[in-house]
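Asker: no FASTA, just this:
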């Protein structure tokens, strides 16, 4: 054994100097020094320091993620890297470019430090300082040990949320009469895909994309055409263009019809003059663990939702986008979930800074004191449901953080709504920092 003191390797009393031992020691010293220089912290063998474990913000903490990685061989996570972030719309063009470059450098640095770790897949987002990845248990520890990683959350699947709006109740006919029907704008639908050949959607879909995940450990399969995990080709958002389970992918077409369907005589969308950006963000799951009573179902990974939101931001200059609709939900929150859902909040804040609202369903679990993620994000516009008599529907989630119910002074389903009342509601929504589209009230 040797002791390094004052930069000199010295021989401890009672030990015989051995050249091969010295060489081995110095080799180890060099390796450890290089790893420290890379920004990796160390805990005692087989145990991660509590401070590093504390970077996991998901309920259940590090223990939950580590146990899953051990049990299944991998765990999907979303990793925040240490890079300054401001909503892109609040920055000048040069400032925005500088921020994007800084985010990319921080992401690249983190991935370089994981070069020898078992990172099975990863995706670096362009406009937000996050990386989604699938890692085994040792790679999870390696991620948390990087000084440039500030937080880690589990990448979770969300289920679609059923929506039905009474067009008369929300005041659409009155808005149409006054000339406001969404013409000139588009609504982005992040869902199970949109059948652009449906009679009430003919000619409506102006852009398509698909982001879907294949991960054997989760029994998750991509539903994009051809089994790819990403596509912006024509037809990529068709609901049954891939391997969606039977009757599991009608939801997005249904939502699109409510949002912007053509006037077919018997029915029309709320913004019947608006176009649609169709983005398929669901994956097929062949697992009773995730699907419940069914052996197959369609669920949406947070990581794919983020890709969809970034796609909308990319299209902002080419298409006048009023809003994003996300009729999906996951875990229950009784207060805002900005910390747990920080990656989605960052993507939503980018859109909000560009004047694009993100409307998200509150969920259909019947909670009276909570709503589902990601609708619980403070900068999203969360929407609950009411009955035809204007009472909160028994199945709808509600809480004091819900945006579009009476608690916030905005009731989008009041009887016999007129234009002045609609304008008042629109002004209230604008106080949240978003435009009142697709119903274009002139306020």
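Answerer: Received the coordinates, thanks. Source: prediction; values computed, not measured.

Asker: for the stretch 201-350 of the chain, what spans make up the strands?
Answerer: According to DSSP state E, counting those that start in this stretch, the stretch 201-350 of the chain carries its strands in the segments 205-211, 220-222, 230-231, 275-280, 283-285, 297-301, 321-326, 328-329, 332-333.

Asker: Sheet-wise, list the partners of the longest one with their directions.
Answerer: So the one you mean is strand 205-211. The strands beside strand 205-211 in its sheet (DSSP bridges) come out as strand 230-231 (antiparallel), strand 275-280 (parallel).

Asker: returning to what we had before: closest one to residue 86 among the strands of the stretch 201-350 of the chain?
Answerer: Closest approach to residue 86 among those is made by strand 321-326 (20.0 Å; Cβ to Cβ). Where you see a C-beta, it was placed from the backbone N, CA and C, and this is true even at glycine.

Asker: Let me know the average pLDDT across the closest one.
Answerer: The average pLDDT for strand 321-326 rounds to 94.

Asker: begin at 15 from here
Answerer: Taking 15 as the first residue, the last one we looked at is strand 335-340.

Asker: just the strands paired with strand 219-225: most buried one?
Answerer: strand 289-294 (a mean of 28; mean count of other Cβ atoms under 10 Å).

Asker: Can you give the contact residues for it?
Answerer: Residues outside strand 289-294 that contact it (Cβ atoms under 8 Å, 6 or more residues apart in numbering): 199-208, 210, 215, 218-226, 237-238, 250-253, 266, 270, 273-274, 322, 325-326, 329, 333, 335.

Asker: now the nearest residue to residue 200 once chain neighbours are set aside: how far from residue 208?
Answerer: For residue 200, ignoring the flanking residues on the chain, the nearest one in space by Cβ to Cβ, 6 or more residues apart in numbering is residue 289 at 4.2 Å. With distances taken as Cβ to Cβ, to the nearest Å, residue 289 is found 11 Å from residue 208.

Asker: Could you list the buried residues of stretch 143-161?
Answerer: For stretch 143-161, burial by neighbour count (16 or more other Cβ atoms under 10 Å) applies to 143-151, 153-160.

Asker: Distance from the chain centre to it, please.
Answerer: Its chain's C-alpha centre and that of stretch 143-161 lie 18 Å apart, by Cα atoms, centre = their mean, to the nearest Å.

Asker: cool, stretch 293-312 as well?
Answerer: 18 Å.

Asker: Could you tell me the end-to-end distance of it?
Answerer: Terminal residues of stretch 293-312 are spaced 14 Å apart (Cα to Cα, to the nearest Å).

Asker: now that stretch: mean pLDDT?
Answerer: 93.

Asker: Now that stretch: buried residues?
Answerer: 293-301, 304-305, 310-312.

Asker: And for residue 142, nearest residue in space, chain neighbours not counted?
Answerer: Nearest to residue 142 is residue 360, by Cβ to Cβ, 6+ apart, at 4.1 Å.

Asker: try residue 255
Answerer: Closest to residue 255 by Cβ to Cβ, 6+ apart is residue 239, at 4.1 Å.

Asker: okay, now that neighbour: neighbour count?
Answerer: Applying other Cβ atoms under 10 Å, we find 20 residues neighbouring residue 239.

Asker: quick one: it and residue 256 touch, right?
Answerer: Yes. Contact status for residue 239 versus residue 256: in contact at 5.3 Å, counting by Cβ atoms under 8 Å.

Asker: What separation do you get for residue 416 and residue 391?
Answerer: 12 Å.

Asker: How about residue 94?
Answerer: In terms of Cβ to Cβ, residue 94 sits 15 Å off from residue 391.

Asker: same check, this time on residue 78
Answerer: Distance from residue 78 to residue 391, by Cβ to Cβ: 22 Å.

Asker: Look at these two and report which has more neighbours.
Answerer: Under the neighbour definition other Cβ under 10 Å, residue 78 and residue 391 were set side by side, and residue 391 has more, 25 against 14.

Asker: nearest spatial neighbour of the more buried one, skipping sequence neighbours?
Answerer: residue 359 is the one closest to residue 391 (Cβ to Cβ, 6+ apart), at 4.8 Å.

Asker: With distance to residue 260 as added columns, please give the strands paired with strand 219-225 in CSV.
Answerer: Shown next, in CSV, are these (distance: least, Cβ to Cβ, whole Å):
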stretch, distance to residue 260
strand 244-245, 22
strand 289-294, 16
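
Asker: Tell me the secondary structure at residue 208.
Answerer: coil (DSSP: H, G, I helix; E, B strand; the rest coil).

Asker: An error on my part: the question was meant for residue 126.
Answerer: Residue 126 - assigned by three-state DSSP - is helix.

Asker: Could you report the neighbour count for it?
Answerer: There are 10 residues near residue 126, going by other Cβ under 10 Å.

Asker: distance of it from residue 156?
Answerer: 12 Å.

Asker: now swap in residue 123 and tell me
Answerer: Taking Cβ to Cβ, one finds residue 123 at 14 Å from residue 156.

Asker: Help me confirm that residue 315 comes into contact with residue 168.
Answerer: No. Contact status for residue 315 versus residue 168: not in contact, 10.5 Å apart, counting by Cβ under 8 Å.

Asker: Looking at those two, which one has more neighbours?
Answerer: residue 315 (24 against 18).

Asker: Chain neighbours aside, what residue packs nearest to that one?
Answerer: residue 227 (5.1 Å).

Asker: can you check residue 79 too?
Answerer: That would be residue 89: by Cβ to Cβ, 6+ apart, it lies 5.1 Å from residue 79.

Asker: number of nearby residues for the residue nearest to residue 315?
Answerer: 30.

Asker: thinking again about what came up before, Serialize the strands of the stretch 215-364 of the chain to CSV and add fields for distance to residue 377.
Answerer: CSV is the format used below for those (distance: least, Cβ to Cβ, whole Å):
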stretch, distance to residue 377
strand 219-225, 22
strand 234-236, 22
strand 244-245, 28
strand 289-294, 20
strand 297-299, 19
strand 311-315, 14
strand 335-340, 11
strand 342-343, 4
strand 346-347, 8
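
Asker: Of all the ones you listed, which one is nearest residue 401?
Answerer: strand 342-343 (19.9 Å).

Asker: Which other helices and strands does the closest one contact?
Answerer: strand 171-174, strand 371-375 (3 or more Cβ pairs under 8 Å, 6 or more residues apart in numbering; DSSP states H and E).
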